[in-house]
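Asker: got a predicted structure here, sequence first:
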Amino acid sequence: MKTYICEICGDAYLGEDKPSQCPFCGADDNFIEDGDIANPVVIQDFDLSEKSLENLQKTLDLEKRASALYSCMASKADSYEVKAMYKRLSKVELEHAAIVCKIMKIEMPEITPEDCSSDDVENFEETIKLEEHASGLYHQFMSDADEKPIQKMFNALERVEKGHIDLIKKYV
């Protein structure tokens with residue numbers, strides 16, 4: 001058994017082989033290292049530019065909303081599979097919010113419940129719009145960032161959000 005650490009969220013995975021994705025934040029295996037060499041973004045000490053702080057706050061707001069929205073969608077899903085998928089997406093988005101809070105060195109703000117449709121198809125379409133928006137923002141935020149760890153984090157988040165789009169498109 002080995003320890004693998006995600007360089008984005010800093011969480012450890014124990015297993016024989018490196019996972020293909022972080023089971024906590026969804027970052028792909030390019031961001032997962034052997035435990036003895038990992039240098040997670042969330043524990044690095046660096047100064048943030050005003051632009052990065054602004055973009056991190058926008059990220060926090062977006063991820064909190066997505067987590068709450070997916071929680072609502074899980075509660076209204078027709079099938080167990082869709083309910084479980086939205087519950088997992090909600091947890092991943094909440095983990096993204098927690099990553100941002102760690103980087104900004106702030107407490108996690110309260111998550112405000114969101115309203116959603118009772119129709120799965122409408123929720124799938126809303127999810128794709130939300131994930132496409134997030135993916136585009138994170139691509140821009142990665143370009144805006146001067147700090148290498150912040151660029152790395154936004155690169156990982158952009159990839160995760162694109163993976164969410166691919167997942168949802170299976171249902172549409």
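Answerer: Structure's in. What do you need?
Asker: against Val100, how distant is Leu69?
Answerer: Leu69 sits 17 Å away from Val100, taking C-beta to C-beta, to the nearest Å as the criterion. Any C-beta I mention is one placed from the backbone N, CA and C, and that applies to glycine too.
Asker: give me the distance from stretch 79-95 to the chain's centre.
Answerer: Computed by C-alpha atoms, centre = their mean, to the nearest Å, the separation of stretch 79-95 from the middle of its chain amounts to 12 Å.
Asker: likewise stretch 53-68?
Answerer: Going by C-alpha atoms, centre = their mean, where stretch 53-68 is centred and where its chain is centred differ by 10 Å.
Asker: and for that stretch, what are the contacting residues?
Answerer: 48, 89-91, 93-94, 96-97, 100-101, 103-104, 109, 111-114, 130, 133-134, 137-138, 141, 144-145, 150, 154, 157 (C-beta atoms under 8 Å, 6 or more residues apart in numbering).
Asker: got the domain ranges for the chain?
Answerer: Listed by automatic domain parsing, the domain ranges of the chain are 2-41, 46-169.
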